[in-house]
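> What shape does this take:
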Amino acid sequence: MGEPLELARIPPGERVLLLPHCLRPSQTCPGRPSRQGFQCPADCAEACPIKILRQEALRLGYKGVCVAPGGALALRFVQETRPRAVVAVACAKELQEGGEAVASLGSEQPLVAAVPLSRDGCVDTEVNLGEVLALLRAGMDPP
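Have a look, this model is predicted:
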């Protein structure tokens, strides 16, 4: 897995962010699953990690954000967008499987920088937002 220093060398327009849909508040989230990943409504009022991280990645100029229910959709997103770097948030099992899947891409393999969930369990999970935001901003001036 990549380090922040390596990630800092890749412009944000050549990076994507992968998030697990389990970060959403399961009881109140108005988002809906789709073929492209979980879609958040533009007027969402939830204060959830997905909204915060998606907005920051897009503000920074990331090539794309995918909120996936699992590794297959996330891998397809990476194959379709062909980024030079991936910032990924997931449970340890998904990060390991995702890293192996990305490695199978061979010469088109992007750098992967990952942050594991601080509390997993497939529903209402948690991640250290500060750690992910710092990784998203690697190589950029502070906001």
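> In the protein, where is pLDDT below threshold?
Confidence mapping of the chain against pLDDT under 70 gives the ranges 1-3, 142-143.
> if you set the cut-off to 90 instead, what comes out?
Within the chain, the ranges that satisfy pLDDT under 90 run 1-6, 24-47, 69-72, 98-109, 118-125, 140-143.
> so where do the helices sit in it?
4-8, 49-60, 71-81, 92-103, 129-136 (DSSP state H).
> could I get those helices as CSV with mean neighbour count and distance to Pro25?
Yep, even glycine has a C-beta here, placed from its N, CA and C like the rest. Rendered in CSV, the data for those read as follows (neighbours: other Cβ atoms under 10 Å; distance: least, Cβ to Cβ, whole Å):
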stretch, mean neighbour count, distance to Pro25
helix 4-8, 15, 29
helix 49-60, 18, 9
helix 71-81, 18, 21
helix 92-103, 16, 20
helix 129-136, 16, 14
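> Of the ones you listed, which is nearest Gly37?
Nearest of these to Gly37, taken as Cβ to Cβ: helix 71-81 at 5.9 Å.
> Remind me what that closest one packs against, helices and strands.
Based on contacts counted as 3 or more Cβ pairs under 8 Å, 6 or more residues apart in numbering; DSSP states H and E, the elements that helix 71-81 packs against are strand 15-20, strand 64-68, helix 92-103.
> Mind doing that once more with 6 Å?
Packed against helix 71-81, as judged by 3 or more Cβ pairs under 6 Å, 6 or more residues apart in numbering; DSSP states H and E, are the following elements: strand 64-68, helix 92-103.
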